[in-house]
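Enquirer: here is a sequence together with a model predicted from it:
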Amino acid sequence: MAMMPKRVKYRKSQKGRVKGKATRGNYVAFGDYGLQSLGSARISAQTIEAGRVVAAQAVRGQGKVYIRIFPHKSVTAIPAETRMGKGKGEVEYWAAIVKPGTVMFEVSGIGEDAARAALARIAYKMPVPCRFVTRRPTL
């Protein structure tokens, strides 16, 4: 089932603009390898779920998959062929706002070749160009 918040203060949110690069969530924190966004987009909860399913199939119980994005923003839509006025439409789906540099998925417990293949399958489903990144060495 697609992800969505349990509770929100306001059901409907304004569209907003995605400006600048990611300053938070832009490095591999939990796993060994990650999938980093190179563009900005609204990624729907259904797309995130599709990436999770593909990652679970690719890892096959040997490693662990971490999802680093969550759909907090509600996206509304008005039905087709509706006259002007009558207010804002109902919530159509929930989306995660992704900036360039955001690490969206991470994997651990598998080799680099398997991780590269798994993250490539996820990247194919994402609406933004992505790249494979590794954890930085810590001192």
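Expert: Looks like it arrived, so ask away.

Enquirer: could you use CA atoms for every contact and neighbour count after this?
Expert: OK.

Enquirer: now the longest strand along the chain: buried residues?
Expert: Ranked by residue count, the top strand of the chain under DSSP state E comes out as strand 90-98. Under the neighbour-count criterion of 16 or more other CA atoms under 10 Å, strand 90-98 has 93-98 buried.

Enquirer: and those residues, which two are the farthest apart?
Expert: Across those, no pair lies farther apart than Y93 and V98, at 15.8 Å, counting by CA to CA.

Enquirer: tell me the first helix or strand C-terminal of the one helix or strand Q36 maps to.
Expert: Assigned by DSSP states H and E, Q36 falls within strand 33-37. As assigned by DSSP H and E, the chain's next helix or strand after strand 33-37 is strand 41-44.

Enquirer: each with direction, which strands does that following strand pair with?
Expert: Within its sheet, strand 41-44 is paired with strand 90-98 (antiparallel), according to DSSP bridges.

Enquirer: what's in contact with the partner strand?
Expert: 3-4, 11-12, 18, 37, 39-45, 69-78 (CA atoms under 8 Å, 6 or more residues apart in numbering).
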